[in-house]
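>>> give me a 3D structure for the following:
(2 chains)
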Amino acid sequence: MSTWLRNSRGASLSLAAFGLLVAGVALAVFWVPNDADQGFSQRIFYLHVPVALTSYACFGWAAWKALRLLQTRDQRYDLESYTAVHMGVIFGALTLATGSIWAKISWGRWWVWSERQLVLFLILFLFYSAYFMLRYSTEPGPRRANMSAVYALFGVALIPVSFLAIRLAESFIHPVVFNRHGPQMAGSMFLTFCVCLAGTLALAAALYQNELTGKRLDARLRALREALA
Amino acid sequence: MTAYASDVAALTRKDLLLELRSRDTLPSLLLFVVSALVVFHFALPASSSRLAAGGLLWVAIVFTALLALGRAFVAERAERVLDGLVLAPCDRSAIWLAKGISVAVFLAVAEAIAVPAFALFFAPVTWAMIGAIALADVGIAAVGTLLAAMAAASRARELLLPLLFLPPVIPLVVGGVGATVAEDPGRYLAFLALYDLLFAILSWASFEYVVTE
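Have a look, this model is predicted:
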């Protein structure tokens, strides 16, 4: 019964993600007005920013599960934290890709050091990629779970500190030139943005759920095999 | 002196005494940091500014720290001393604090050579720079000791430490370079102090989980 419930949760999340993302992209392409300053290309905003926020949400979720692991020493939180970091890195890579495309269209360069969020994501991407290295080169067990959890917690502390650092660095590396958002968002833009954000969050949740189910099945299968051998 | 402080003092004394007798780490650090500065002289084009040289000093400091941290848990891993320390009736964070202090001492000695060498080779040294270096040492030792303990527990030790260590010290480099080149270094020094405080507390609180199961 519980397995069926878990499986159907994954399926319903996937469906919700699909519906919301299709609706969001449709709204972003056909409904919202063109940006006065950047024209049509500004519409990548409706994908780029939700993906970035989803990535933060994944890292936050991973840190929460890591905290629970250290509190309770319950090993199932290790897999949940790991899967959340995994999703966060995937969405982080997507953020870098979409941000890079946007930078190319808006400013003619694939990489712009004065774009704070992109630089922050680069640092976070490097940081969380090392998380995988740490896991892969350590023997599985409670100690690895603890170390991964501590590292995931460091990650959420690093996010605001790095953001502050990048703002400080701009004043001696780059003057602040770009203010991307300019005027406040209109109602239709905000609604589209919310639909897209809900879509990417649902997508992350669906991926997380399916990945977790797969990994748990793996672990059970391995346990069964060992029991039979 | 409380029990905690005497534990930390004993462990720090052990590390420093070990280094005094074997001289494993410090001579290599000194030689490395001076060699790095010489390499940087040739890497910089002749017309580049004093500001660029200031940035390179920070690169030298970070890589020297990496070298020191890579050696930090070598003695503990051999003969499984760390297991013994974890079993000893002392707070585990005392192990982190003692190791952090000895790493900071090694770094300070290396910088006592590196900073005059920098002044000799490149540009004059300001008080703000020295303050920033002292603050960055605290942050490097705090975060680095924790990550070095993690790396020491993995299979790919020497390979893993730089990957774990470099992304979280980027803010320290930003603060340090800022204090080196900016007109008003105050807010960069404040930022470094904030980093030290945050990550020292975090590392102090979480070291126990890294060395136990």
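
>>> drop to CA atoms for contacts and neighbour counts, all remaining ones
Fine.

>>> and A:S114, helix, strand or coil?
Classification of A:S114 by DSSP: H, G, I helix; E, B strand; the rest coil places it in coil.

>>> buried sites along the one helix or strand A:A157 maps to?
Using DSSP states H and E, A:A157 maps to helix A:142-173. Of the residues in helix A:142-173, those with enough neighbours to count as buried (16 or more other Cα atoms under 10 Å in any protein chain shown) are A:142-159, A:161-170.

>>> please report how far A:A62 lies from chain B.
16 Å (Cα to the nearest Cα, to the nearest Å).

>>> pretty sure that residue sits against A:V85.
Yes - counting by Cα atoms under 8 Å, A:V85 is a contact partner of A:A62 at 5.7 Å.

>>> what's the overlap in contacts for these two?
A:A152 (Cα atoms under 8 Å, 6 or more residues apart in numbering or on different chains).

>>> any idea whether the spatially most distant residue from the centre of chain B is helix, strand or coil?
Distance from the centre of chain B peaks at B:S47, with 31.4 Å (Cα atoms, centre = their mean). Following three-state DSSP, B:S47 is assigned to coil.

>>> pLDDT at it, what is it?
If you check B:S47, the pLDDT there is 74.

>>> next one: A:L69
The predicted local confidence for A:L69 is 92.

>>> same deal with A:H174?
48.

>>> test my guess that B:A132 contacts B:F191.
No - look at B:A132 against B:F191 with Cα under 8 Å: they stay out of range, at 9.9 Å.

>>> so those two - more neighbours on which side?
B:A132 (27 against 23; other Cα atoms under 10 Å in any protein chain shown).

>>> which SS state does the more buried one fall under?
Relying on three-state DSSP, one would call B:A132 helix.

>>> tell me who's in contact with the nearest residue to it once chain neighbours are set aside.
Nearest residue to B:A132, sequence neighbours excluded (Cα to Cα, 6 or more residues apart in numbering or on different chains): B:G176, at 5.5 Å. B:G176 is in contact with B:W58, B:M129, B:A132, B:I133, B:A136, B:Y188, B:L189, B:L192, counting by Cα under 8 Å, 6+ apart.

>>> for the nearest residue to A:S81 once chain neighbours are set aside, grab phi and psi.
Excluding its sequence neighbours, the residue lying closest to A:S81 (Cα to Cα, 6+ apart) is A:A62, at 4.2 Å. Backbone torsions for A:A62, taken as degrees, to the nearest 10, come to phi -60, psi -40.

>>> just the buried positions in the worst-scoring helix or strand of chain A on mean pLDDT, please.
Least confident element among the helices and strands of chain A, by mean pLDDT, DSSP states H and E: helix A:2-26 (a mean of 80). Of the residues in helix A:2-26, A:R9, A:G10, A:L13, A:S14, A:A16, A:A17, A:F18, A:L20, A:L21, A:A23, A:G24, A:V25 count as buried by neighbour count, 16+ other Cα under 10 Å.

>>> now for that helix, which elements pack on it?
Under the contact criterion of 3 or more Cα pairs under 8 Å, 6 or more residues apart in numbering or on different chains; DSSP states H and E, helix A:2-26 touches helix A:187-228.
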